[in-house]
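1. coords please:
(chains A and B)
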Amino acid sequence: MRKCLSLRSFRHLMRLLSICALLSFCGAFNLAEAAGGPTILTDAASTRAIAFEAVTYRKEPFPLTMPVPFSADTRSRVVFFVMNLDLLAGEGANALAADAEDATHHHYTFTVENVTPMPGYEWMSQVTVRLSDDIGDTGDVLFRLSLHGVSTNRVRVAIGHLGGGPADDANMVSTPAPFPAPAPTPVPTPNPYTDPAFATANDSVRFLEQATWGPTTNDLAHVRSIGYRAYINEQFNTAITNYPAQDLYPTDSSVGCPSGTAPANCARDHYSMYPVQISFFQRALTGSDQLRQRVAFALHKILVVSGKDLNNQPGWVTPYLQTLDRDAFGNFRQLLEDVTLTPAMGDYLDMLNNSRVSPNENYAREILQLFSVGVDQLNPDGTPKFDAQGNRLPTYDQATITNFARVFTGWTLAAQKKWVVDGTTNVLNYTDPMVLSNNVGSYNATLNSYSGVFDTAPKTLLGGQQLPAAAAGLTAAQVQSYKTNELKLALDNIFNHPNVGPYISRELIKQLVTSNPSPAYVQRVAAAFNDNGQGVRGDLKAVITAILLDPEARGDAKTDPNYGRLREPVQLVTNLLRTFNATSDGFFRDDLTSMDQDLFNPPTVFSYFPADYSVPGTNGLFGPEFGILSSSSTFKRANFVNKLFLANSGNGIPASQPNAPTGTQLNYSAYQALAGNPSQLIDALNASMMHGTMSVAMKASLVQAVTNVSSANPALRTQTAIYLIATSSQYQVER
Amino acid sequence: MAHSRRTFLCRTGYALGATALASSLDQLGLISAFAQQSNNIAADYKALVCIFLFGGNDSNNMIVPLDAEYSAYNTVRGPSGLALSQSALLPINPISGRQFGMHPNLSPEVANPTQSRGLLDVWNQQKLAVLCNVGTLVQPLTRAQYQAGTGRPYQLFSHSDQQTQQQAAISNGPSQTGWGGRMADLTGGLNGTVPLPMAVTVSGTNLFSTGKNTRQIVISPAPTALNSVLVLNASGGAAADQTARRNALQQLLGLDLDAFLVKTVSDTTSQALQTSAALSTDPTVGTFPATSLGNQLKQVAKLIKQRDVLGMKRQIFFCAVSSFDTHTNQTGTNPTSPNGGGTNSGTQGSLLAQVSQAMRAFYDEMVAQGISNQVTTFTLSDFARTFAPSGSAAATVGTDHAWGGHQLIMGGAVQGGTFYGTFPTLALNGPNDTDTRGRWIPTTSVDQYAATLATWYGLAASDLPTVFPYLSRFASSNLGFLG
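-> Model (predicted):
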């Protein structure tokens, strides 16, 4: 305790010292250059940061290890001073990311450990950063912080020795502390985006990229007139445009579609995902329930089934997709139960017909690992917990899996139905939720269970929760009732685990907004999951609202180098179609397969791409969609854009019987009208495709490319511009 | 402490604290990584071909004891219909005094001569070896240690984590690079300047081929012609318009690289453009099965045939077969019927037929190219599967996620026809079991397995610790199957 006190008083002393030093450093007391964004303070004459080694308060160059070690971790900490750091209430170090670039253009990810407003100088914060383990004696680096997706200026700071380093960024100026000091802003900034009226021109395009299958002219006008919050609430109350019901067909396709006598396209319509793939795109293109569709598809990638392992029968997959639509704005607990009992999931992960005798562990493992809690114990902000030795802490062990596997026993398909075609052939009931088997058996004291397919022995679940055995002497109906209740208790046990909020929130943010959300963002959304404000846990409406109205999701332009997510092929298709007012039959199956996203046939329960895919060549950035971006598929994406805008004389995708009855046509006449002025054309496309984030260099390059096309061919000019933007990495990564 | 800090501070003073402190941390590790690039270009050609069996192959049914221990096997696996019958197994004698059997579909032609050939001939020619009970480990591990909770790999029995660890050869947590990629980082000098990356994948991006500096090229498998695997289409306008458009596309790839995800897309596309230019011909190779793996290995064979044209001296290939996650329907109603024989042989039987027939075609093609001694093919998988079945009844029975399993190694350089490592005791709750369902604790680590392959490939002994940081924890860094 004495040690702590002395440490605190020491730090207080140093803080006071540092303020004096800081102000005296600012020599000429120029006004800060910052245009309102977060700005790291530099000295008056250069881009060198005002920064101190955290223990000794010595200036740069900073040693890699602390001259006076505080703890077993001796890596140096450096303190920077930042103004305009508009933290939200409750936000701290986990809202900030830190990046440094050395002379070889290698980037290092530093850890922000502390953010403290300077007492009496609340316009300025002191930010303590831990140097990364992989940095060496690099000399100068350019350092920046990011908050809510927006970066500071990049300032120069010496690591190891002074000098060297990359050149300053263009137009970078020194940013000394302002004089006179700005008025203090003692309370954290409220989140402006929850203001019902708020929707700026560029950010509203981004908003619709996140909340819908792509911005259309009408939706843009609408959201700009009513604001984000009203738009979201309106979407919550918009009716579902359902996937059409699909007839149940016999499992054996040679019975369902007998050769010679079956109608044309019988196999396509009943033993392939074609009908749901078509519906998906038709709904995405014109459905009014855009947010629901977007969230349901995100949930599909979290709680996965795959048509390819469901006998390719759309009649088996459709009820699952309808469940996701129905529950997308409901409660996560309900979603978990409804999905668990769909025959599609039962079949896919083997809960269907799972028996007390050697119970199958498949569903038990994946519902925990992928659908709810994840493998590591998490902090409320979604970061993993570590033990004293630095190891991650598992959420569950093999014994937990075994116990859940025993819970998930005894469920089978509801009574068979008749095949609509002949009215007599029995078909498996993949429409109705699974039911409990009638094979109850009798009580067996040795097993402490009934002897049929149900395991009714006691179980130990997450957190050590005990489920009691079924009593002896129950009727069959009572045993079934016991199992029904046991399933509910087990799902409650999962649902109430503290990991679910941060885990599901983070996955949904990654699907809708950005692949590398700050822990603070995850924490805010997880808080909404944990309590929607009315004491309800798991309210997905609250979660979605929190995701979309967060400052890290909103704002005109994001400059954080970590920000963004790769448009997955499905989204690339829908975004281009909706931006350019397409009419389409929805046939994109083959295009998607070539881009490695075979719609509704993900290769495994780990979805089309792994949620924790780490992007090669970065400092461990996540980028799930990069799991299907390769040298091969990057060309396939470009070739799809070529097909949409340039092949077929620029008339879109031609009709082709039987699969593509009308083809796909796009309408970009409004842009073509600007083709005589390449700069205006690119500006218009920048607004609609890239929500105004195009760099000056990119625009110059595009204007040149458009100008190179004969002005006598305005269509080709327009197509060239759209092609180059849509194939660009800058567009492929939504930022 | 506080006092001394303050004293120190007073002495140096904040504003005067510009004195540079000499860095005590040397950067030799980093520097030597680049220095490796100056290695002499290799005189010979060598390739490693990884076949990853995604989902977790049940190697307990791939290699089965045929001697007295068969009854132990049959006792556990027989009643549910999971056991292969003694008469169906293909007898092999890898260990003096013991007899084993290979899954019948490792050579489907034995039971059904109309089937294309599998691996039994290659085994008999001693060009195929089995490495027994290999898996992810952070240290040699006894059953007692496991049960006490010490020394376990991170997230055992989880697909994603165990795939990562198999491909990274680092088992104590998540990894961002694979051992193939790290090996390529350090052996790039053997190739000199060549138009292709060292790591080539025919089944999508993977961790195995990802290095700190190495970025894999991903190409389509056959039947796509080798000179058509990476084609950027251009329509609309005159040829000059198309050329200008392509140039503009390339120019955009050089912009806005400050955003890391944007840069990654641009790097990927740039590499595709470069490789696309190099792959201009489609050589002819022998017949391969028209299966997923057959087509992948066919494309690999074509690239190997182009090695001199492209100037490649070292290549690392990655192929994969999925759907080994046989929780149900592992054996089907007729576990001994080779795939294509007209009867359901279950998911695993069908997959093993695919694997063995494709590997055999590839081996024959390497012999035909006169290069079989320089190409080594090996399998990896997430994990093996529980010795105890999950579920019951032959049509539905399967197995759950387990741990140590057997892998196949094939090539002219392989000292085959025998087992390496230690065959586990097939006993539930026995000396190799983690618990009571038959999840074998590996007796050989994937680190050792990988290091043996890497050493053959040409990775310097001094670089082994860089690629395999935990190798020194195990008794041997060379298991001997490559001489």
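2. Show the pLDDT at the residue of the stretch 151-300 of chain A found nearest chain B.
-> Nearest residue of the stretch 151-300 of chain A to chain B (CB to the nearest CB) works out as residue A:160 at 4.8 Å. Placement of C-beta: from N, CA and C, glycine included. With respect to pLDDT, residue A:160 scores 96.
3. Skipping its backbone neighbours, what lies nearest residue A:211 in space?
-> Among residues not flanking residue A:211 along the chain, residue A:291 sits closest, at 5.1 Å (CB to CB, 6 or more residues apart in numbering or on different chains).
4. Ignore what I typed, I meant residue B:134.
-> residue B:444 (4.4 Å).
5. So which bits of the stretch 351-483 of chain B are right by chain A?
-> B:388, B:389, B:390, B:391, B:392, B:396, B:398, B:400, B:401, B:434, B:435 (CB under 8 Å from any CB of the partner chain).
6. Try it again at 6 Å.
-> B:389, B:390, B:391, B:392, B:400 (CB under 6 Å from any CB of the partner chain).
7. From these, which land in helices?
-> Among these, none falls in helices (DSSP state H).
8. out of those residues, which are buried?
-> Neighbour counting over these (16 or more other CB atoms under 10 Å in any protein chain shown) leaves B:389, B:390, B:391, B:400 as the buried ones.
9. The residue nearest to residue A:211: helix or strand, and which one exactly?
-> For residue A:291, the host element (DSSP states H and E) is helix A:290-300.
10. Which strands and helices lie in contact with that helix?
-> helix A:314-327 (3 or more CB pairs under 6 Å, 6 or more residues apart in numbering or on different chains; DSSP states H and E).
11. Dump the C-alpha coordinates for the helix it packs on into CSV.
-> What follows is helix A:314-327, C-alpha atoms only, in CSV (Å, rounded to 0.1, in the frame of the first residue of the first chain):
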residue,chain,number,x,y,z
PRO,A,314,-34.1,-26.2,-50.6
GLY,A,315,-37.2,-27.6,-48.8
TRP,A,316,-34.9,-28.5,-45.9
VAL,A,317,-32.9,-25.2,-45.8
THR,A,318,-35.8,-22.7,-46.3
PRO,A,319,-37.4,-23.2,-42.8
TYR,A,320,-34.0,-22.4,-41.3
LEU,A,321,-33.6,-19.2,-43.4
GLN,A,322,-37.2,-18.2,-42.4
THR,A,323,-36.3,-18.8,-38.8
LEU,A,324,-33.3,-16.4,-39.1
ASP,A,325,-35.6,-13.8,-40.7
ARG,A,326,-38.3,-14.2,-38.1
ASP,A,327,-35.8,-13.9,-35.1
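12. and the angle from that helix to helix A:290-300?
-> 120 degrees (axes from the mean of the first three to the mean of the last three CA atoms, to 10 degrees).
13. Now helix A:314-327: average pLDDT?
-> Computed over helix A:314-327, the average pLDDT equals 98.
14. buried sites along the helix or strand following that helix?
-> For helix A:314-327, the following helix or strand on the C-terminal side (DSSP H and E) is helix A:332-341. Going by neighbour count (16+ other CB under 10 Å), the buried part of helix A:332-341 is A:332, A:333, A:334, A:335, A:336, A:337, A:338, A:339, A:340, A:341.
15. ok, of those, which one's closest to chain B?
-> Distances from chain B to those, taken by CB to the nearest CB, are shortest for residue A:340, at 16.3 Å.
16. shouldn't residue A:567 be in contact with residue A:734?
-> Yes. Counting by CB atoms under 6 Å, residue A:567 does reach residue A:734; the two are 5.4 Å apart.
17. Scan chain A for its longest strand.
-> In chain A, with assignment by DSSP state E, the single longest strand is strand A:107-118.
18. Just the element for the residue nearest to residue A:581 when sequence neighbours are not counted, please.
-> The shortest distance from residue A:581 to any non-neighbouring residue, by CB to CB, 6+ apart, is to residue A:667 (4.2 Å). Using DSSP H and E, residue A:667 sits in no helix or strand.
19. thinking again about what came up before, the longest strand of chain A pairs with which strands, and in what direction?
-> strand A:96-101 (antiparallel), strand A:121-130 (antiparallel) (DSSP bridges).
20. Let's see it as CSV, backbone CA atoms only.
-> In CSV, the C-alpha atoms belonging to strand A:107-118 read as follows (Å, rounded to 0.1, in the frame of the first residue of the first chain):
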residue,chain,number,x,y,z
HIS,A,107,4.2,-1.1,-39.1
TYR,A,108,4.1,-1.8,-35.4
THR,A,109,1.0,-2.0,-33.3
PHE,A,110,1.5,-0.4,-29.9
THR,A,111,-0.8,-0.9,-27.0
VAL,A,112,-2.6,2.0,-25.4
GLU,A,113,-2.6,1.4,-21.7
ASN,A,114,-3.9,4.6,-20.2
VAL,A,115,-5.8,7.8,-21.2
THR,A,116,-6.1,10.5,-18.6
PRO,A,117,-7.4,14.0,-19.1
MET,A,118,-4.9,16.5,-17.7
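21. Tell me the buried residues in that strand?
-> In strand A:107-118, counting by 16+ other CB under 10 Å, buried: A:107, A:108, A:109, A:110, A:111, A:112, A:113, A:114, A:115, A:117, A:118.
22. What is the nearest of the residues you listed to chain B?
-> For these, the nearest to chain B is residue A:107 (7.3 Å; CB to the nearest CB).
23. re earlier: okay, the buried residues of strand A:107-118 in a markdown table with distance to residue A:314 next?
-> Converted to a markdown table, the buried residues of strand A:107-118 look like this (distance: CB to CB, whole Å):
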| residue | distance to residue A:314 |
| --- | --- |
| A:107 | 46 |
| A:108 | 50 |
| A:109 | 45 |
| A:110 | 50 |
| A:111 | 48 |
| A:112 | 49 |
| A:113 | 52 |
| A:114 | 55 |
| A:115 | 52 |
| A:117 | 58 |
| A:118 | 62 |
